[in-house]
Structure formats: structure tokens, C-alpha cells
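**Q** The sequence and its predicted three-dimensional model are supplied below.
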Amino acid sequence: MTRSNIQTLHARPILDSRGRPTVEVDLRLADGSFGRASVPSGASTGTHEAHELRDGGAVYEGRGVLRAVANVEGAIAVALRGLDACDQRAVDARLREVDGTARLERLGANAVLGASLAACRAAAEHRGVPLYEHIARLAATRELAVPMPMVNILSGGLHAGRGMDAQDFLAIPAAAGSVEEATELAGRVRSAAARVMQRRGLPTLLADEGGLSPGLATGREALQLLIESIEAAGLAPGRDVVIAIDVAATALWHRETSTYRLAREGRTASSDEMIAMVEGWVREFPVVSVEDALDEDDWPGWRRLTERLGARVRLVGDDLFTTHLARLRRGIAQGVANGVLVKLNQNGTLSGTLEVIAAARAAGYAPVISARSGETEDPFIADLAVGTAAGQIKIGSLRGGERMAKYNQLLRIAQASRAAFAGMAAVRV
């Protein structure tokens, strides 16, 4: 057994930011090098994501992960023992082979991903390099980049009890010349938003990702509130701060009627009406990025959306692509969208995720590294964003320890590394 070979794996249930169980994996190499990783969970999930294994039953309302934990300490530990952790592709290929299903339904993507990321972290420790540098080696990244953050300010959808139809309205600090300045500018906007909402008598309840939940009836009202908040922060909309929107339209799609149900507005909309609504937002406000404007399987609608807006704004597929290489390739072939949201647990392994990022970049699609609504304190995605030079990251708001762990890791990396700040060049079409 060589010094970088995997020796032991252990797992346990821990609690995520919503107080629900998730999987944490410890992995140790023959030389004592150690890696620990924990796996997030989404609320707004696409049906094509890798399978999250839950226990069912009464404990934690069926959300327990003891079966996934047992799979790590059983089948996965046996399969990985003796493999070289520095060979990430071999580790991940073995994990997929042992599971034997396309969506990791037997062992669970939460079990598989925990082992995959723990192996990566242990390999970085074995090599004596920061995690982002090890990831850069795996991804064949030539120049590191600290990503531009997209910061959640206002929330609705499944992140906020459907208080608004669209899920998230985010600030991108366009004037920032560093990640330090970006977090400061975004923090000013978020604080100003809370003051504006209090002054207007709106609720300032926190959503899953730390954004504020004003419960407004229309997306246009939310955008007006965000513009007012940017100005109240002493910043110029469209110059200092621009806007991103996550519609999360799959959660609005009503399959029986083949329409989008905008419950807060009290109406339904066709694909073309959704496109027209988004186009109106882009025309009226400094919106530069729109995520999941249509349902995950509305391919004809996505094509029309891209023809209308693809040359003007970043159109990001989340539920559309679910960090799945075949779905991304289909989108590229059909000229659908021009950006892909990258979520590790949608794919299930680090190697598979890196393949999606590489394919996106080769096709001119912008990769956006993303957290989930149910997060842990693990800052892995900060290192992933820098190591792949993805250019953009979507962590959530500047609230909550699970979010700040990732922002703080970006600040550490920016100080310790030679990585340049990606800035708006990574965002604009």
C-alpha cells in the first residue's frame, strides 16, 4: 500500500442549516492524511438530479440518513480501500461502478459525494497543497480566479414558503475590484434592504439562504424594492450593482394544465408569457443574469427564450441541466441557455462535476458554482470555484454560519493565493 492509498472511511449524520440530517464522511490515507466532507441538500430540486438517499419512517420526518451512512462504512469503504486518493477519476469511477445506477440510487448520491470530496481533501493534504490548488490540478486549470459572488437579497419560492413566486433576487457588486470589496458592497445592499423594508412595514423574515422575504405580489415589485435598496446603500443601480434573478420556474409548472402557476399574482402563464415577463424585467431593470426562467423540461420554451435574450443576458440552467453532462450537451446542441449552475450533489462525484464545468467552458457557457438551500459549514465550493476558475459563485446571503464559512474561505484564498478576481468579465455575455 502506497502512502496516498485510502485506508479507512467513517461517516455520521450531522445537521444542515435547516436542522435536517445530512452525511459527513471522514477518510484517512495510509500516511495519516485526512479528509472530511459534508453534503448539502436542496429544497428546489430538479427531477434529474442524482438521488439523495433518505431513510423514510418517522425519525426526522423520514429525512434520516442512516442508510447512506451505513453505505459509506460498508460497500463504499470496501470498494475504496487501497485506491490512490490522488487519482480522483479512479476513485469516482469506482464509486459509480459499485453503485451501478445512473442516478446513484442504490448507495445514494449523499453517501457517494461525501466519499468523493473527502478523498479529494485527503489527497490535497497528502500533497501538502491547499485544496484549491489540488482541484486546479485535477481540472487542468492554468490560471486561478477568485469568483464574483452573486448575493441573495430577497427570497420567495420554496426558499421562503412561496412568499413570492420567483425564488431569489440577487445583487452582483459590479463595481468591485476584489472579493473583499464585493462582499462589502453586497453587505451594504442587504443591510439597506432590511432598513427599507422596515420603513415600509414589510416583513424581514429570513429565508433558507439568508435572504429577506418581503412577500411581494409580483417580481416587478421585488425588483423595484431591490433598486430602492441599492440606492439606499449609496450605490448606483446598473453601475455599482447589477441584478440576477432565480425564477425556479420548475416549482411553478403545473403539468396537468401545462401552464406556470403564479399564485401570488393570481394567474397562470404560458411559456411565451413567462418569456415576455422576464424580457420586461430585463428591459426595465439592470438584470444581467436569469436562472431557470422556464421548467426543467420545457426545451422548446428555453430555445425561444435563448433566441430572445441569449445575446443580452446570462441565461443559467439549474433544474434544466442539474449538473448532468448529457443534459448540458443536449442544451449546447440545441442552442439552449448560455450558463450552467454547478451543484456537486446534483452530479454525485467531483470528477463528474469537473467534466460538466469543462464541457460548459468549451462551449462558451458560463459555469456558476452554487451552494444549496440546506447547507453545512463545509466551504468546499469556495475552493472548487477558485480551483476551476469558474468566475462566479452563488452562496446565498451574507447571513448564517453555513454561508459565511464559504465567503470567509474565499477571503482567505484571495489573501493567500495569486488568483486574480474574476469581476464582471465572468458574468457578462
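**A** Yep, that arrived. Since the model is a prediction, treat every value here as computed from it, not as a measurement.

**Q** quick one: buried residues of the helix or strand containing Tyr260?
**A** Per DSSP states H and E, Tyr260 falls inside strand 259-262. By neighbour count on 16 or more other CB atoms under 10 Å, the buried set for strand 259-262 is 259-262. From N, CA and C alone the C-beta is placed, and that goes for glycine too.

**Q** Looking at those, which is nearest Ile393?
**A** Nearest to Ile393 among the buried residues of strand 259-262: Tyr260, at 28.2 Å, using CB to CB.

**Q** who touches that closest one in this structure?
**A** 249, 252-254, 268-271, 273-274, 295 (CB atoms under 8 Å, 6 or more residues apart in numbering).

**Q** What's the ChimeraX line that selects buried ones from the residues you listed?
**A** Buried subset of the contacts of Tyr260, written as a ChimeraX selection, criterion 16+ other CB under 10 Å:
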select :249,252,253,269,271,274,295
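
**Q** Please produce CSV containing the contacts of Tyr260, extended by pLDDT, secondary structure and distance to Ala233.
**A** Output for those, formatted as CSV (pLDDT from 0 to 100; DSSP: H, G, I helix; E, B strand; the rest coil; distance: CB to CB, whole Å):
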residue, pLDDT, secondary structure, distance to Ala233
Ala249, 96, helix, 29
Leu252, 95, helix, 30
Trp253, 95, strand, 35
His254, 93, strand, 38
Thr268, 96, strand, 36
Ala269, 97, strand, 32
Ser270, 97, coil, 37
Ser271, 97, helix, 36
Glu273, 98, helix, 33
Met274, 98, helix, 30
Asp295, 97, coil, 34
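
**Q** Enumerate the positions of stretch 231-242 that are buried.
**A** For stretch 231-242, a neighbour-count test (16+ other CB under 10 Å) marks 231-233, 235, 237, 240-242 as buried.

**Q** Can you convert those into JSON lines and add a column each for distance to Cys120 and pLDDT?
**A** Output for the buried residues of stretch 231-242, formatted as JSON lines (distance: CB to CB, whole Å; pLDDT from 0 to 100):
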{"residue": "Glu231", "distance to Cys120": "43", "pLDDT": "98"}
{"residue": "Ala232", "distance to Cys120": "42", "pLDDT": "98"}
{"residue": "Ala233", "distance to Cys120": "38", "pLDDT": "98"}
{"residue": "Leu235", "distance to Cys120": "38", "pLDDT": "98"}
{"residue": "Pro237", "distance to Cys120": "40", "pLDDT": "98"}
{"residue": "Asp240", "distance to Cys120": "37", "pLDDT": "98"}
{"residue": "Val241", "distance to Cys120": "34", "pLDDT": "98"}
{"residue": "Val242", "distance to Cys120": "33", "pLDDT": "98"}
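
**Q** OK, contacts around the residue nearest the centre of the chain?
**A** Among the residues of the chain, the one closest to the centroid is Ser370, at 1.9 Å (CA atoms, centre = their mean). The neighbours of Ser370, taking CB under 8 Å, 6+ apart as the test, are 318, 341-343, 381, 393-395.

**Q** Nearest to Glu105 among these?
**A** If you rank the contacts of Ser370 by distance to Glu105 using CB to CB, Lys343 comes first, at 17.8 Å.

**Q** distance of the closest one from Leu252?
**A** 20 Å (CB to CB, to the nearest Å).

**Q** Ile227 now?
**A** Ile227 is 24 Å from Leu252, by CB to CB.

**Q** what residues are up against Ser213?
**A** Counted by CB under 8 Å, 6+ apart, Ser213 has contacts 154-156, 160-161, 163-164, 203-207.

**Q** still on that earlier bit, if we take the contacts of Ser370, which one ends up nearest to Glu307?
**A** Asp318 (20.1 Å).
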